[in-house]
Each structure stands twice: as structure tokens, then as C-alpha cells.
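Novice: I'd like to go over a predicted model; first the sequence, then the structure.
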Amino acid sequence: MKVALLGFSSSGKSTLFRAVAGPETKGTLVAVPVPDPRFDAIVAQVGPKKATPASVIVDDDLDALEPRGRMFPPRLLEAVKNADLMLLVVRAFDDPSVPYHCELDAVRDVSAFLDEGLLTDLQLVENRLERLQKSSTVKSPGSPDYVEKMVFDRLRPELEAGRRLRSLELSDEDLKIVRNYQFLTIKPVVVAINVGEDGATSGEHDSLLGGLAERGVEGFVVSAKLEQELASLGPEDQAEFLASYGLSESAAARMVRAVYRSLGLITFFTAGENETRAWALSAGSSALKAAGTIHNDIAKGFIRCEVVSYEDYRSHGSLDAAYKAGAMRLEGKEYVVQDGDMIHIRNKS
């Protein structure tokens, strides 16, 4: 999972990146582990040689967004195309060092970003329809150009009405066509509202969060400056630091959880003495898809999978005990994987 980190000038985008990446990180790309107490408990019990948590890749290799002109120039479009999600940082703190032209207005910044995405997608749809009109096969029912025009004719009024493509009910056939293009509004967006040190738990931005939810956008409040200080502390000091500000978890944890929710992800586990690992998977996916997430060859040779729910694992204390108690189930390739499942794939190899 790759997250493109975006933000207007002076939003604190890079400060947030340093907060979630940690003080030792070099460069602009970092893998942020998915916090999961279940995984920690499995690792503690199994004691593997290697423990690999699920992670989110965060990319800060992008220039600041500009409120005027083209907000999404070609370089940014290309970067976003290769990302699974866009994380927008908006400024909601006063700072005398910020230039006068960056007047504080978080609602304006969020609306500008979302509206520009709609306009960019609408322009793409209109340009494509104009080209399709010149096609010699566009009026031949069943031809690729005819089918594509039918899809784009449905997309245009939706975008004109301010509806993001992600909110539409598109068939698998429609999605195959849509995914061939660099649509911005088909990708999930998470908004980080960057507040001052005293605003992390004030509830001042609840109305903005509610407005985002109405547009199908996840949001969370964070003080990037505060979190950057937190990232420089040891685990014990971090807990005390968080408690002193009335917070229960770090910005990295809140960001990852928001990303997971926006992407509709669950976690399943594979537990072995050599390696115990947490895997991200789209909710509703089959056991065969889970096998392919581990390795394509495992999916090709899939026979069955052994499944123990995390709750059964926890109640019995170990996988061996869960197996002996009859808590293990044999499932086929169509089994829908549940969040927290511990899976062992039986295959032909």
C-alpha cells in the first residue's frame, strides 16, 4: 500500500512525514508498520526468527500544492497514479512565520483540493469523449470505443454534479475501463487536519470532519509539531507524553488506521518459527486471493487452507492448542477471509 503525501505550502506536510517516519529515517519514502496488538501477541507466543508486520508506504517526494494555477501538474498526476491513496495535510494552526498569502482556512484548502480533483477528472472525461466522437467504430454496438463512450457518458454528469467516482456503483466491466485512466476521484483520500499543540483534542474541527465524511473522505486531527517531538522519545516516554496531552496513540497509528479504513483493508496472519507475518487484504477477499498475496505460486498450487480465528487462537493460547481443541477449519479457495484469521495454505508444491 502506497500513500502519496500532499499538502499546500506551510501545511506541515513534511513535519508530519518526519513524525510518522521517525527521526532516523533518511529520504522521502518510509514503510510505517500497521499497529496491531494481535500481531504483537502472536509474535510473543511463537517467537519466530523474523517478524514482519503489515506496513503502509508513505511518499513525501512531492512539491507543495499551489492554490492557483494547475494544482495537479503532470509530475504530481504520475505520482498519484502510482499510489493507492492520497493523504492531504491541511494547516489549522496559527504561525507568525507563515507568509501572509497563506491565510488560515482549512475548509477552503480541503474544498479546493477535492474540487480540483473533480475538475481534473471532468476535463479528462470530456477530452476522451471528444476523441471517441472521431472514432470510426464509436457507433458500432459492442465495439470497445462504443462501450467506452457509454461509460464516459455516464461519468460526465456525475462529475458535473460534484460526485467523486469512488462514490459511484460501477460494474466490474466499467471499472476495467476507468482504471485505464489517471482519475483522481477514484482513489481514496484521507485528510490530516494539522493543528497547534493545544488543538489535538479540542473538538474544534468536528464540523470539518463531519463534512468530509459526507463526501466519503476519512479525516483525523493531528499536531504534526507535537508528534515530531514524540517520535524522538523512547517507548516508555512516548506513553507518558501522549497521556499528558490526552492522546491514546501516535499520529502514525491514527494515520495507518485511517488509511486501512479508507482502503477497506483487513489483516490476516501467517505464523511460523522462521517468519510470522501480518498481511493486508481487501475486505471480502477469498482464500485464493490471500494465497496470491503471499505468493503467486502458492495461489497456483492452492488445495485448501487451514484457518484459526484470532479469538480461538487467543482463547486456547497457541495454534497447537487451537488445533487440538478442534478450532481449526479446513476451507476452500472461495472462503471469504475474516479480519484476524490465522491461515496456513496447503498447496501442491
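Specialist: Arrived safely, thanks for sending.
Novice: I'd like to know which elements the lowest-mean-pLDDT helix or strand in the chain is packed against.
Specialist: One helix or strand of the chain scores below all others by mean pLDDT, DSSP states H and E: helix 74-81, with a mean of 80. For helix 74-81, the elements it packs on are strand 2-7, judged by 3 or more Cβ pairs under 8 Å, 6 or more residues apart in numbering; DSSP states H and E. (C-beta placed from N, C-alpha, C; glycine too.)
Novice: any idea where the helices of the stretch 51-200 of the chain begin and end?
Specialist: In the stretch 51-200 of the chain, the helices defined using DSSP state H, counting those that start in this stretch lie at 74-81, 106-133, 144-160, 172-178.
Novice: let's have those in CSV, adding distance to residue 89 and mean neighbour count.
Specialist: Listed next are those as CSV, based on distance: least, Cβ to Cβ, whole Å; neighbours: other Cβ atoms under 10 Å:
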stretch, distance to residue 89, mean neighbour count
helix 74-81, 15, 14
helix 106-133, 9, 17
helix 144-160, 25, 17
helix 172-178, 27, 14
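Novice: lowest-confidence stretch among those?
Specialist: Lowest mean pLDDT within those: helix 74-81, a mean of 80.
Novice: and the angle for that one with helix 106-133?
Specialist: Calculated by axes from the mean of the first three to the mean of the last three Cα atoms, to 10 degrees, helix 74-81 forms an angle of 90 degrees with helix 106-133.
Novice: from residue 212, how far out is residue 105?
Specialist: Using Cβ to Cβ, to the nearest Å, we find residue 105 at a distance of 15 Å from residue 212.
Novice: these two: which has the busier surroundings?
Specialist: Higher neighbour count among residue 105 and residue 212: residue 212, with 21 against 13, using other Cβ atoms under 10 Å.
Novice: what stretches of the stretch 1-150 of the chain score poorly on pLDDT?
Specialist: Scanning the stretch 1-150 of the chain with the threshold set as pLDDT under 70 gives 67-70, 96-102.
Novice: tell me the contacts of the spatially closest residue to residue 285 that is not a sequence neighbour?
Specialist: The shortest distance from residue 285 to any non-neighbouring residue, by Cβ to Cβ, 6 or more residues apart in numbering, is to residue 337 (5.6 Å). By Cβ atoms under 8 Å, 6 or more residues apart in numbering, residue 337 lies in contact with 266, 268, 281, 285-287, 289-290, 343.
Novice: hang on, residue 114 packs against residue 189?
Specialist: Yes: using Cβ atoms under 8 Å, residue 114 is in contact with residue 189, at 7.2 Å.
Novice: please enumerate the shared neighbours of those two.
Specialist: Between them, residue 114 and residue 189 share these contacting residues under Cβ under 8 Å, 6+ apart: residue 217.
Novice: tell me the buried residues in stretch 17-36?
Specialist: By 16 or more other Cβ atoms under 10 Å, the buried positions in stretch 17-36 come out as 17-21, 25, 30, 32, 34-36.
Novice: before we move on, what about stretch 247-263?
Specialist: Within stretch 247-263, the residues scored as buried using 16+ other Cβ under 10 Å are 247, 250-260, 262-263.
Novice: distance between it and the chain's centre?
Specialist: Between the centre of stretch 247-263 and the centre of its chain there are 10 Å (Cα atoms, centre = their mean, to the nearest Å).
Novice: and the most centrally placed residue in the chain, what element?
Specialist: The chain has residue 259 as the residue nearest its centroid, 3.3 Å off, counting by Cα atoms, centre = their mean. Assigned by DSSP states H and E, residue 259 falls within helix 251-263.
Novice: kindly export that helix (C-alpha atoms) in CSV.
Specialist: C-alpha atoms of helix 251-263 as CSV (Å, rounded to 0.1, in the frame of the first residue of the first chain):
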residue,chain,number,x,y,z
ALA,A,251,-0.1,10.1,14.7
ALA,A,252,1.5,7.2,12.8
ALA,A,253,-1.1,4.8,14.4
ARG,A,254,-4.0,7.2,13.6
MET,A,255,-2.8,7.7,10.0
VAL,A,256,-2.4,4.0,9.4
ARG,A,257,-5.9,3.2,10.8
ALA,A,258,-7.4,5.9,8.6
VAL,A,259,-5.6,4.5,5.6
TYR,A,260,-6.8,1.0,6.4
ARG,A,261,-10.4,2.1,6.8
SER,A,262,-10.3,4.2,3.5
LEU,A,263,-8.9,1.3,1.5
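Novice: re earlier: want to throw the helices of the stretch 51-200 of the chain into TSV with distance to residue 87?
Specialist: TSV is the format used below for these (distance: least, Cβ to Cβ, whole Å):
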stretch	distance to residue 87
helix 74-81	11
helix 106-133	11
helix 144-160	22
helix 172-178	22
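Novice: ok, which of those comes nearest residue 235?
Specialist: Evaluated over these, closeness to residue 235 peaks at helix 106-133, with 31.9 Å, by Cβ to Cβ.
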